[in-house]
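Visitor: build me a model:
(one chain, ligands or ions: 1)
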Amino acid sequence: MSETLENLSSETRQFPPPADLAANANVKADAYEEAAGDRLAFWAKQAERLAWTKPWDQVLDWSNPPFAKWFVGGELNIAYNCVDRHVEAGLGDKVAIHWEGEPGDTRTVTYSELLKLVSQAANTLTELGVTAGDRVMIYLPMIPEAAVAMLACARIGATHSVVFGGFSVEALATRIEDAAAKVVITADGGYRRGKPSALKPTVDEAVSRTDRIEHVLVVRRTGQDVAWTDKDKWWHETVEQASPEHKAQPFDSEHPLFILYTSGTTGKPKGILHTTGGYLTQTSYTHHAVFDLKPESDVYWCTADIGWVTGHSYIVYGPLSNGATQVMYEGTPDTPDRGRFWQIVDKYKVSILYTAPTLIRTMMKWGDDIPAKYDLSSLRVLGSVGEPINPEAWIWYRKNVGHERTPVVDTWWQTETGAIMISPLPGVTAAKPGSAMTALPGISADVVDDQAQSVPNGGGGFLVLREPWPSMLRTIWGDDQRFLETYWSRFGAGSSAGGDEWIYFAGDGAKKDSDGALWLLGRVDDVMLVSGHNISTTEVESALVSHPSVAEAAVVGATDPTTGQAIVAFTIPRGNVDTAGDAGEALIKELRNHVAKTLGPIAKPRQIMLVAELPKTRSGKIMRRLLRDVAENRSLGDVTTLQDSTVMDLISSGLKTAK
Ligand code: WT7
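Guide: Numbering: from 1, shown residues only. Okay, the predicted model is just below:
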C-alpha cells in the first residue's frame with residue numbers, strides 16, 4: 001500500500017464551523033492539547049461524567065497487553081447512569097424516546113417511564129433465574145423494548161448479545177451456542193416495508209437447535225399468530241406485571257457488558273466483548289463531543305438498528321447516559337413513501353441526525369425534490385458512519401439536508417473500537433468532504449507502511465491505533481488467540497517483527513493528506529493492484545459519484561491478463577438520467593473518461609456497468625465480493641447475508657439485456 005496515487009486527494013473544499021456553534025461548542029480546540037499533555041488524566045476526567053459507586057484506583061492497567069483494564073477497581077451500574085440518575089436529578093418527565101412505529105403509531109417514553117420498564121424487566125429476568133455474568137440474547141425489532149431489554153440486562157450484570165432482527169435461524173443459533181446464552185428476548189414480529197414481518201418462528205427454530213435456552217420472553221408488537229412452547233412467556237404478562245421497584249447493584253468497571261458478533265470476511269463470526277466503565281466513558285464523552293449534544297434543547301436521531309454497534313453506542317448507551325431526548329424509528333426509509341425520514345425530522349424537530357453513507361446515496365438517487373418538501377430547519381449537526389462517505393455525497397447531505405448551514409461529522413470507528421475514534425469536532429474542525437479528519441482527543445491513530453513506519457503527510461498505508469482506548473474490545477469471546485491474531489499480530493510487539501509497542505491493526509487502508517487529515521480508503525482486502533499501482537475502491541467510487549449523473553457506485557478489481565487486476569465499476573445513475581440505448585453507451589464512455597481525468601489514466605475503469613441496485617449487507621455495506629464474482633464471470637458465492645437476495649438476479653439479468 002505504500003505506493004498510492006498522488007493526485008487523488010484533489011479535494012480542496014473545506015467547511016469551517018458556524019460561528020455560533022463554535023462559540024458555544026461543548027468541546028473546543030484546547031481538548032486536543034489537554035489530552036496530548038496527559039492522556040490518562042484526560043480520560044479520567046471524562047470518566048467523571050459518570051456516577052461511580054466506588055472510585056477507581058488506576059486509570060489504565062496495560063501490564064498484560066493487549067488485554068487492557070480501564071478504571072481498575074472502580075464500580076458503577078450502567079442502567080443507573082443511563083436512567084435513574086436523570087430521574088433523581090428531577091428530569092423524570094423529560095422525554096427519553098420519541099418512538100415512531102412504521103405504520104405511524106407512536107409512543108413517548110419519559111425517563112421515569114424508562115426507569116419503571118427497566119426495573120420491571122430487571123425483576124422479571126431475575127425471576128427467570130438470570131444472574132450477573134449470564135448471557136441473554138436479544139432479537140427484537142426497533143421498539144422501545146429493545147433499549148429496555150439491553151438496560152435491564154446491564155442493570156443486573158447479565159451480558160447481552162443483540163442479534164439483528166433480519167438475521168437467519170442459522171445466525172441466531174450459532175450465536176446462542178457461542179455465547180452459551182440462557183434466555184432469548186424477542187417479539188412476535190415487527191413492521192418492515194408496510195407489513196408485519198415475523199421474528200418468533202426464527203427464534204423457535206434456533207432455540208430448538210440448541211439446548212442452551214431456558215426461557216423466551218416475547219414482546220407483542222404486531223399481534224400476529226405465534227406458535228407457543230413451554231419456554232415462552234409474554235412480556236406483557238411478566239415484565240409489565242412485575243414490581244417497578246429495583247435497586248441497581250454496582251458492578252466492577254471490567255464487568256462484561258455485551259458481546260456483539262461481527263461477521264468478518266471469513267470464518268465464524270467474532271464475538272466482540274465490551275465491558276462496563278471504559279465503554280460507557282467513551283460512548284458518553286464522544287456523544288457529547290462529536291454531536292455537541294445539548295440535552296436540554298436537542299432532539300437527536302440515530303437511524304441505525306439496535307442490532308449494530310452504532311445502535312448500542314449511539315442509541316442506547318451514549319445518548320441515554322447524557323440524558324438526551326431522541327427519536328427511535330422502527331421501519332424503512334421508503335415506507336409509506338420516500339419522504340419518511342424528512343417527515344420524521346420535521347415532525348419531531350430533530351436537531352442532530354446520525355446516519356450512513358448508503359442511506360445518503362440512496363436519498364441522492366431518489367432526488368433533491370424529496371427533502372425539499374419538508375421543514376428541515378431544526379437540524380444543526382449531521383453525522384455519517386459505516387463506510388467512507390464520498391465527497392459528493394457529503395456535499396449533497398450538507399446542501400440538501402443541512403441547507404449549507406450544518407457541520408457534517410464523518411465518524412470512523414468499528415464494532416471493535418466501541419465508540420467513535422476519528423472524526424471532526426463540529427465546533428472546532430474545518431471539515432473536508434470525504435475525510436474523517438483527525439483522531440479525537442485522547443485517541444492515537446496513525447497510518448503506517450508495511451514496516452510499521454508512520455507515513456509522512458501525503459503518504460498512504462494501513463490505519464493503526466497506537467495507544468489503548470477506554471472503549472476498546474477486551475477480547476473475542478472465548479478466543480483470546482484469535483483476538484491476538486486478528487488485531488495485534490500484523491505490527492509491533494505482537495508481530496514476528498516484534499518491538500516494544502502494541503499496535504492495533506484496524507484492517508482499513510488510509511492516507512494522510514498534505515495537512516495530515518485522514519482519508520479512509522475501505523478495507524485493505526478491497527484494495528486493487530492495477531499494473532503495479534495500489535488503487536483503492538473508495539477513491540474510484542468517489543470519482544464516479546462526483547459525476548452529476550451518478551448516485552452510487554461500487555468498484556472491484558477483476559483478474560486481468562495484462563494489468564493483473566482491472567477496474568470494473570457498477571454504477572447506479574441518478575433518478576432523472578436517461579440510460580436507454582445509445583444514451584447509456586455515451587454515459588459509460590463519459591464516466592470512464594471522467595474517472596481518468598479525475599484520478600489519472602491508471603484509474604480508468606476497464607468496464608462500467610449501469611445497474612439499478614447494488615448488493616449490500618444488512619448493515620448497508622456494499623458486498624464487493626459478489627460483484628467480483630460477476631466481474632469475473634463466476635457463479636455467485638454465499639449470498640445469505642445480503643439485505644435483498646433478489647438484487648443479484650437483477651444485476652445479472654440487467655447485464656444480459658444491456659449486452
Ligand atoms: C468498518 C467497521 C462503526 C459503526 C458501524 C460499522 C468502515 C466505518 C467509517 C467511516 C470510512 C468507515 C471501516 C471500518 N467504516 N465508519 N466514517 N469512514 N470507513 O461498524 O460493522 O464494525 O465496521 O466500517 O471499514 O473498519 P463495523
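
Visitor: indicate the residue of the stretch 501-650 of the chain located nearest to the ligand.
Guide: The nearest approach of the stretch 501-650 of the chain to the ligand comes at L520, 3.5 Å away (Cβ to the nearest ligand atom). Any C-beta I mention is one placed from the backbone N, CA and C, and that applies to glycine too.

Visitor: which residue packs closest to that residue, ignoring adjacent ones?
Guide: P388 (4.9 Å; Cβ to Cβ, 6 or more residues apart in numbering).

Visitor: I'd guessed the one you found sits against G522; true?
Guide: Yes - with contact defined as Cβ atoms under 8 Å, P388 counts as touching G522 (6.1 Å).

Visitor: count the neighbours of R628 for me.
Guide: 18 (other Cβ atoms under 10 Å).

Visitor: contacts only, for it.
Guide: V556, G557, A558 (Cβ atoms under 8 Å, 6 or more residues apart in numbering).

Visitor: look up how far G557 lies from it.
Guide: Using Cβ to Cβ, to the nearest Å, one obtains 7 Å as the distance from R628 to G557.

Visitor: tell me which element M648 falls in.
Guide: For M648, the host element (DSSP states H and E) is helix 647-658.

Visitor: should've said M137
Guide: strand 135-139.

Visitor: look at L217 and give its secondary structure.
Guide: strand (DSSP: H, G, I helix; E, B strand; the rest coil).

Visitor: how many residues are close by it?
Guide: Neighbours of L217 under the rule other Cβ under 10 Å: 26.

Visitor: surely it meets A187?
Guide: No - between L217 and A187 there is no contact under Cβ under 8 Å: 9.4 Å.

Visitor: angle of the strand holding M137 against strand 215-219?
Guide: Between strand 135-139 and strand 215-219, the angle comes out at 30 degrees (axes from the mean of the first three to the mean of the last three Cα atoms, to 10 degrees).

Visitor: beyond strand 135-139, next helix or strand please.
Guide: Past strand 135-139, the next helix or strand by DSSP H and E is helix 144-156.

Visitor: and the next helix or strand after that following helix, what does it pack onto?
Guide: Going down the chain from helix 144-156, the next helix or strand is strand 159-162, by DSSP H and E. Other helices and strands packing on strand 159-162, by 3 or more Cβ pairs under 8 Å, 6 or more residues apart in numbering; DSSP states H and E, are strand 135-139, helix 144-156, helix 169-179, strand 256-262.

Visitor: for the stretch 501-650 of the chain, what lies in contact range of the ligand?
Guide: Applying Cβ under 6 Å from any ligand atom, we find that the stretch 501-650 of the chain lies next to the ligand at A506, G507, D508, L520, R523, S619.

Visitor: next: the stretch 301-450 of the chain.
Guide: Contact residues (Cβ under 6 Å from any ligand atom) of the stretch 301-450 of the chain with the ligand: 308-310, 385-388, 410-415, 436.

Visitor: got the contact list for G575?
Guide: G575 makes contact with K365, W366, G367, A551, according to Cβ under 8 Å, 6+ apart.

Visitor: mind listing what the third one touches?
Guide: Meaning G367. Taking Cβ under 8 Å, 6+ apart, we find G367 in contact with R574, G575, N576.

Visitor: tell me which residues of stretch 397-412 come out buried.
Guide: Burial within stretch 397-412, assessed by neighbour count using 16 or more other Cβ atoms under 10 Å, is assigned to Y397, R398, N400, V401, G402, T406, P407, V408, V409, D410, T411, W412.

Visitor: chain center to stretch 295-310, what's the gap?
Guide: 11 Å (Cα atoms, centre = their mean, to the nearest Å).

Visitor: that one - what's its average pLDDT?
Guide: Computed over stretch 295-310, the mean pLDDT rounds to 97.

Visitor: repeat that for stretch 547-565.
Guide: On average, the pLDDT along stretch 547-565 is 93.

Visitor: surely G478 touches R135?
Guide: No - if you go by Cβ under 8 Å, G478 and R135 don't touch, sitting 11.1 Å apart.

Visitor: between these two, who's got more neighbours?
Guide: R135 (24 against 13).

Visitor: so that one makes contact with A180?
Guide: Yes - if you go by Cβ under 8 Å, R135 and A180 touch, sitting 6.2 Å apart.

Visitor: could you export stretch 188-195 as PDB, CA atoms only?
Guide: Taking C-alpha atoms only, stretch 188-195 is exported to PDB below (Å, rounded to 0.1, in the frame of the first residue of the first chain):
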ATOM      1  CA  ASP A 188     -43.900 -11.800  17.600                       C
ATOM      2  CA  GLY A 189     -42.700  -9.600  14.800                       C
ATOM      3  CA  GLY A 190     -42.000  -6.000  13.600                       C
ATOM      4  CA  TYR A 191     -43.100  -3.800  10.700                       C
ATOM      5  CA  ARG A 192     -40.900  -3.800   7.600                       C
ATOM      6  CA  ARG A 193     -41.900  -2.200   4.300                       C
ATOM      7  CA  GLY A 194     -45.600  -1.800   5.300                       C
ATOM      8  CA  LYS A 195     -46.200  -5.300   6.600                       C
END
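
Visitor: how far does it sit from its chain's centre?
Guide: The chain centroid and the centroid of stretch 188-195 are separated by 23 Å under Cα atoms, centre = their mean.
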